[in-house]
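Q: Starting from these lines, generate the structure:
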Amino acid sequence: MSATERPTDDTRKMLADSLRGFLGQHWRVDTMKRGPSPQEIAAIWSKLVGQGVASLGSDPDMGGLREILVVMAELGRAACPAPMWSAALANLALAGARSEASVGLLRRLHAGTARIAFSFGAFDPDRAAGSIEVTNIKASGLLRFVEAAGSCTHLLVPISPSALALVAMDGPGVGVEPTRAMGAWSLHQVRLNAAPAEIIEVEFLAVHDLLRKAKLALMARAHGAARRAFELAVDYAKERRQFGRPIGQFQAIQHKLANCFILLEGVRLILDHAGELHDRGDRHWPYFADCAASFSAEALRRVSLETQHTFGAIGYAEEHEAPLHFKRVHLDTIALGGAAHARLGIGSFLLDDGGAELPQYDLGPAGNALREQVRQWLEENWSSERKAAFDAQPFAKREFDVEFALDVGKTGWIGLGWPSKFGGQGRSPLEQIALIETMERDEAPRIGAAIQANALMMFGTPEQQQKYLPEILRGEAMHGMGYSEPQAGSDLAALRTGAERDGDQWVINGQKIWTTTWWGKYMFLAARTDRDAKPPHAGISMFIVPMNTPGISIHPATTMYDGSFANIFYDNVRIPLDNLVGEVDGGWKVLTGALAFERGLVGGGIVLKVAHAFEQLRRHIMAAEADRPPLANDPIVRDRMAVLASKIEVGRQLMMHCAELAADGITPPEYGAISKVFSSELMERFGETALDILGQRAALSEQMPDAIDNGRFEQNLRHSLMWVISIGTNEIQRSLIAQRALGLPR
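A: Below you'll find the predicted structure:
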């Protein structure tokens, strides 16, 4: 296979499916419950060698780190202790070596005549891992936490930045003792006493990068174990009955499992991304590997705990499969220094030697080009005095800028993703991300009315499309959303505002609350046209209401984040019949369809806000203040910044996944929900962490003397609450995830 024919996503899926079927046929989980013998482990490894996995990592064209992660995940699912991890490390470490010893060892490994146990020894970040010394080709020392040593033929240990020691396990001076850890017998203690050793010189061993690859492989296996236990728990929740119904119908269980699914999807995406960057030779792969390890270690242990909680007492028995996975998750996620060591790497990348910004994502040739084009446009049209004057205003005056919207309207970017038949540019989701990201980095005002435009394109009449879409496209008209009412927030089906037909007009009466963009030209209004409809959502219709129509009474209120929304009363408001969008009583379809179309990128927009705010925070903590050293020198601050950075990368991965799905059509609602829930709650956590790090001065609000960045951080925290609530509260989103993605009963 040539470099242009390296494994694809389809190939990796085939590999995973093939291995899952193979292990289902040749490995029984019950073997692990009683404890497999060295002979059984050697036997399953011999069969896996026949499947071709023993050579992964030795030739990039035949499969690299991404394929290794696939295999490790499947072994984790099957609770199979075959020595794949150490084989992969041997391949990765020796791939560039050309000595007779290295070539011979790999040949035997790939043929299945050698089984390798691997230890990092003195290079292991865990100081209790032990070490060895080699003198006169004799190795002595104690190594702890060595996997599969009881079933392997050789031990491989890095002893310097450019050399490894190879020891035959059946040679003199080698003692192997099984070690019980987390209640399992998967690790060993190896004592060497002048054991014969062969030195393998490797010019570019890069032990620290090898550690990162090793940790990713362990996280992948832990992910496979956690995912398998989670799936068992979901099936159990569908079947187990309490109080006369399946426990999966209880909201507490649904939200618990939805949280687990969000974490598992984040782990899946960030591990694969790190592996992909490694295999592409991207210079930032070590940073993303550290982020993957940091996030995965804590996320998978949380999933493992919540899975056990779902099973209750039944999962506490050793006869059940779940305890096997619980043990595997915890052993793998704390190995090689666990999350704490990974966060040291993240902190070093971000804060040492002048620091580095969060790496930009590759958005493809078109996306990357557009990002640069938008950056240059903003430099010419939104900089210096114009931007400074805008930024000097109170936040309430910075929600929208009429002139800026009109200027952007001339570029056509408001309709960047619209089909060309509606005057749009038909650009890809990745190009839309490029626009959102660059606008956010320059702190440009909001533009467009995406949800309303989507509704018009999907459900509007040709006349409506010709009238309203060009106004939005040119930046001339903003549309508010008139949905929520005093008794109908998340439960929009309970809305009471009514619309009755009177000749050639609709007459609207009712009240809407918490309405943002109340100052816009139009209101996209949901009203009841059938009060007796069952179910209730079947009697709702959607209307476009010009906000200068007689009978509209607006009562603005200041939000807790210094913005505004309004309480709006509609008293005998008359609009033409053709202001109905979609069918009479068909408004629920319009409302949910437009939201689903947009929600796929909403989470991405939120995480890009967090990423930008993170950069501002990073610059602040790196700056020295008077005679005080920078906060970046504080190990606690560094650790908290690393945690945030790893979660931002997961949020960006969820964003990219939604964009990938959207490129093939509309993002499934449950995946838009996953991105929105994760990113909005990350925004809250970021705001809290920023105040913790910067202290009370960061709580000073805008236009106060000595306020940091004009109150940016405290105002962001107050604003973050809106994102958790808007476009469907996160509690509603979790129920959606549980029911749509996991199949739990309504």
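
Q: Only C-alpha atoms from now on, for both contacts and neighbour counts.
A: Fine.

Q: Skipping its backbone neighbours, what lies nearest residue 254 in space?
A: Take residue 254 and drop its neighbours on the chain: the residue closest to it by Cα to Cα, 6 or more residues apart in numbering is residue 738, 5.4 Å away.

Q: That neighbour is in contact with residue 256, isn't it?
A: No. Between residue 738 and residue 256 there is no contact under Cα atoms under 8 Å: 9.0 Å.

Q: out of those two, which sits in the busier spot?
A: residue 738 (27 against 18; other Cα atoms under 10 Å).

Q: And the pLDDT for that one?
A: Residue 738 is assigned 95 on the pLDDT scale.

Q: Could you pull up phi and psi at it?
A: phi -60, psi -40 (degrees, to the nearest 10).

Q: Please tell me how far it sits from residue 629.
A: Residue 738 sits at a distance of 48 Å from residue 629 (criterion: Cα to Cα, to the nearest Å).

Q: tell me the contacts of residue 340?
A: 294, 639 (Cα atoms under 8 Å, 6 or more residues apart in numbering).

Q: quick one: low-confidence parts of this protein?
A: Scanning the chain for pLDDT under 70 picks out 1-6, 596-600.

Q: Longest helix in it, please.
A: Determined from DSSP state H, the single longest helix within the chain is helix 587-622.

Q: same for that one, what does it pack against?
A: Counting contacts by 3 or more Cα pairs under 8 Å, 6 or more residues apart in numbering; DSSP states H and E, helix 587-622 is packed against helix 338-351, helix 429-441, helix 450-459, strand 540-546, helix 635-663, helix 669-694.

Q: now those as a markdown table including distance to residue 423?
A: Below are the helices and strands packed on helix 587-622 laid out as a markdown table (distance: least, Cα to Cα, whole Å):
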| stretch | distance to residue 423 |
| --- | --- |
| helix 338-351 | 42 |
| helix 429-441 | 16 |
| helix 450-459 | 11 |
| strand 540-546 | 20 |
| helix 635-663 | 19 |
| helix 669-694 | 26 |
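
Q: Tell me which of those sits nearest to residue 247.
A: The minimum distance between residue 247 and the helices and strands packed on helix 587-622 falls on helix 669-694, with 20.8 Å, by Cα to Cα.

Q: what sits up against the next helix or strand after that closest one?
A: Next helix or strand after helix 669-694 toward the C-terminus (DSSP states H and E): helix 712-725. Under the contact criterion Cα under 8 Å, 6+ apart, helix 712-725 has outside partners 560-562, 606, 613, 677, 680-681, 683-684, 686-688, 690-691, 698-702, 730.

Q: quick one: buried residues of the helix or strand where residue 261 lies?
A: Using DSSP H and E, residue 261 maps to helix 251-280. Under the neighbour-count criterion of 16 or more other Cα atoms under 10 Å, helix 251-280 has 253-279 buried.

Q: Name the single longest strand found in the chain.
A: If you go by DSSP state E, the chain has its longest strand at strand 184-201.

Q: Give me the residues contacting stretch 445-464.
A: Stretch 445-464 is contacted by residues 398-401, 404-405, 408, 414, 422, 439, 465, 469, 472-473, 475, 478-479, 524, 579, 581-582, 590-591, 593-595, 597-598 when judged by Cα under 8 Å, 6+ apart.

Q: Using PDB, write out the CA atom coordinates for stretch 487-503.
A: Extracted in PDB, the C-alpha atoms of stretch 487-503 (Å, rounded to 0.1, in the frame of the first residue of the first chain):
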ATOM      1  CA  GLN A 487     -46.000  28.900  31.300                       C
ATOM      2  CA  ALA A 488     -44.100  27.600  28.300                       C
ATOM      3  CA  GLY A 489     -40.300  27.700  28.400                       C
ATOM      4  CA  SER A 490     -38.700  24.400  27.500                       C
ATOM      5  CA  ASP A 491     -42.200  23.000  27.200                       C
ATOM      6  CA  LEU A 492     -43.100  25.000  24.100                       C
ATOM      7  CA  ALA A 493     -46.000  22.700  23.300                       C
ATOM      8  CA  ALA A 494     -47.800  24.400  26.200                       C
ATOM      9  CA  LEU A 495     -47.700  27.900  24.700                       C
ATOM     10  CA  ARG A 496     -51.000  29.900  24.900                       C
ATOM     11  CA  THR A 497     -50.400  32.900  22.600                       C
ATOM     12  CA  GLY A 498     -53.200  32.400  20.000                       C
ATOM     13  CA  ALA A 499     -53.600  33.300  16.300                       C
ATOM     14  CA  GLU A 500     -57.100  33.300  14.800                       C
ATOM     15  CA  ARG A 501     -58.000  33.900  11.200                       C
ATOM     16  CA  ASP A 502     -60.200  36.900  10.500                       C
ATOM     17  CA  GLY A 503     -60.900  37.300   6.800                       C
END
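
Q: residues in contact with it?
A: With Cα under 8 Å, 6+ apart as the test, stretch 487-503 has contacts from 483-485, 506-512, 526-529, 536-537, 540, 577, 728-729, 732.

Q: Okay, and which of these map to helices?
A: If you go by DSSP H, the contacts of stretch 487-503 have residue 732 in helices.

Q: Restricted to strands, list the contacts of stretch 487-503.
A: Counting by DSSP E, the members of these that fall within strands are 506-512, 526-528, 540.

Q: Need the residues you listed in CSV (columns: distance to residue 332).
A: CSV is the format used below for those (distance: Cα to Cα, whole Å):
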residue, distance to residue 332
506, 64
507, 64
508, 61
509, 61
510, 58
511, 56
512, 52
526, 51
527, 54
528, 55
540, 52
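
Q: By neighbours, which of these wins?
A: Most neighbours among these, by other Cα under 10 Å: residue 540, with 30 neighbours.

Q: residues in contact with that one?
A: 493, 526-530, 584-588.

Q: Widest-spaced pair of those?
A: Across these, the longest distance by Cα to Cα is 15.2 Å; it joins 493 and 584.

Q: So between those two, which is more surrounded?
A: Neighbour comparison, residue 493 and residue 584: the larger count goes to residue 493, with 19 against 16 (by other Cα under 10 Å).

Q: Give me the three-state assignment for the more buried one.
A: Three-state call for residue 493 (DSSP: H, G, I helix; E, B strand; the rest coil): helix.

Q: For it, give its distance to residue 537.
A: Separation of residue 493 from residue 537 (Cα to Cα): 5 Å.

Q: what does residue 206 give?
A: For residue 206, the distance to residue 537 (Cα to Cα) stands at 61 Å.

Q: who has more neighbours, these two?
A: For residue 206 versus residue 537, the count of surrounding residues by other Cα under 10 Å is larger for residue 537: 21 against 13.

Q: you'd agree the more buried one is up against residue 590?
A: No. Residue 537 is beyond contact range of residue 590, at 11.5 Å (criterion: Cα under 8 Å).

Q: So what's the gap between the helix or strand encompassing residue 570 and the chain middle?
A: Taking DSSP H and E as the definition, residue 570 sits inside strand 564-576. For strand 564-576, the separation from the chain centroid amounts to 40 Å (computed by Cα atoms, centre = their mean, to the nearest Å).

Q: what does the helix or strand just after that strand rub up against?
A: For strand 564-576, the following helix or strand on the C-terminal side (DSSP H and E) is strand 580-581. Outside strand 580-581, the residues that touch it by Cα under 8 Å, 6+ apart are 456, 459-461, 541-544, 587, 590.

Q: so where do the helices sit in the stretch 51-200 of the chain?
A: For the stretch 51-200 of the chain, applying DSSP state H, counting those that start in this stretch gives helices covering 65-77, 84-94, 100-111.

Q: thinking again about what came up before, how about the helices and strands packed on helix 587-622, which one is nearest residue 60?
A: Each of the helices and strands packed on helix 587-622 was scored for nearness to residue 60 using Cα to Cα, and the closest is helix 635-663 (24.1 Å).

Q: how big is the angle separating that closest one from helix 669-694?
A: On the basis of axes from the mean of the first three to the mean of the last three Cα atoms, to 10 degrees, helix 635-663 is oriented at 160 degrees to helix 669-694.

Q: now for helix 635-663, which elements pack on it?
A: Looks like helix 635-663 contacts helix 251-280, helix 285-311, helix 338-351, helix 429-441, helix 587-622, helix 669-694 (3+ Cα pairs under 8 Å, 6+ apart).
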